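**Q** Let's see this in three dimensions:
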Amino acid sequence: MEQYVQVVFTVQFKESFELDSAFEIIAAILHEEEFESFEFLDDKLIGYIREWAWDKESIDLRLSSLPFAVSLDATPVVNQNWNTLWEQQIQPIEIGSEIYIYPSFASPKSSRPYKMVIDPKMAFGTGYHDTTRMVLETMEDMVFYDQSVLDFGSGTGILAVYARMRGACKVVGIDNDLIAVESARDVAKANHQEIELRYQENDRYQNDGIIYDCILANVNKNAIDQNIEALLKSLHPEHGNIILSGLLLADWAWVEQRMKTLGLKLVDKRDSSEWLALRWKV
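**A** As a prediction, the model looks like this:
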């Protein structure tokens, strides 16, 4: 069996963060470090990563910028039944007023109009995290019929699937994680939606020449900072919308100034725990 490393994270607070929020922030950051699953316990976060991908120095560096101290304890473990672990963690949920998300091993017991089946497997973005949920809630208030949509950092593809269900005529999802791209293809197929999914080797957006009516970017501050100008060149100059998430409350002053400098107007601002979701319009 392939060997994994179990990493137990504990938090020592220096500021007024709630423990659950701190764990969500850590999990979101460490998704980019090849972690494949997390367990949230009362006072600790447990993550699982393949042995070949484990790099303590890299993890320590990523966590050193957080406004609270994080300690970790790593132990090799034998590969476990991940499907069983996911089934224990993932249950159907309702989002907004019309969205229902459920795993394939559960029956869809809801009258809501938009039911999405999703098995998270090893990709990020299931609707259970605050950032994904807030983006979906923001999208619920928008019109997508006959619109073109780019999902930058598509993860499992849940945002792209919802845009297509809402009538978007063209939806493109881009991610720099091959596992995420394959997972998104499975999610699109499971939900009978046609989405164009692309793998890119780095974090930089590569303009495809398409002008999009809406761009979704549920990534992180660094990815937004590096790509926002390139993304805006692909946004419709008269009526384009861009939704940004993966940002912390502490990032608000920075992102507000950056977007105003670029000439965009804020039309929707949401926050949950320590996270932000923002909709801007040209």
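**Q** Just name the shakiest helix or strand of the chain by mean pLDDT.
**A** helix 82-89 (a mean of 58; mean pLDDT, DSSP states H and E).
**Q** which element follows that one toward the C-terminus?
**A** Going down the chain from helix 82-89, the next helix or strand is strand 93-95, by DSSP states H and E.
**Q** If you count contacts, what does that following strand end up packed against?
**A** strand 99-102, helix 130-140 (3 or more Cβ pairs under 8 Å, 6 or more residues apart in numbering; DSSP states H and E). Every C-beta, even on glycine, is put in place using the N, C-alpha and C of the backbone.
**Q** CSV please, covering those and showing mean neighbour count and mean pLDDT.
**A** What follows is the helices and strands packed on strand 93-95, written out as CSV (neighbours: other Cβ atoms under 10 Å; pLDDT from 0 to 100):
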stretch, mean neighbour count, mean pLDDT
strand 99-102, 23, 93
helix 130-140, 22, 94
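**Q** Residue 282 is nearest to which of those?
**A** If you check each of these against residue 282 by Cβ to Cβ, helix 130-140 wins as the nearest, at 16.4 Å.
**Q** related to what we said a few turns ago, residue 153 is nearest to which of the helices and strands packed on strand 93-95?
**A** Of those, nearest to residue 153 by Cβ to Cβ is helix 130-140, at 10.7 Å.
**Q** quick one: that closest one to chain centroid distance?
**A** 10 Å (Cα atoms, centre = their mean, to the nearest Å).
**Q** Can you name the element that comes right after that helix?
**A** By DSSP H and E, the next helix or strand past helix 130-140 is strand 148-152.
**Q** Please put the alpha-carbon coordinates of the helix or strand following that following strand into PDB.
**A** Using DSSP H and E, the helix or strand that follows strand 148-152 towards the C-terminus is helix 158-165. Provided in PDB are the C-alpha atoms of helix 158-165 (Å, rounded to 0.1, in the frame of the first residue of the first chain):
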ATOM      1  CA  ILE A 158     -18.900  22.900  -8.300                       C
ATOM      2  CA  LEU A 159     -19.100  26.600  -9.200                       C
ATOM      3  CA  ALA A 160     -18.800  25.800 -12.900                       C
ATOM      4  CA  VAL A 161     -21.400  23.200 -12.700                       C
ATOM      5  CA  TYR A 162     -23.900  25.500 -10.900                       C
ATOM      6  CA  ALA A 163     -23.300  28.300 -13.600                       C
ATOM      7  CA  ARG A 164     -24.000  25.700 -16.300                       C
ATOM      8  CA  MET A 165     -27.200  24.600 -14.500                       C
END
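**Q** Right, I'll leave it there.
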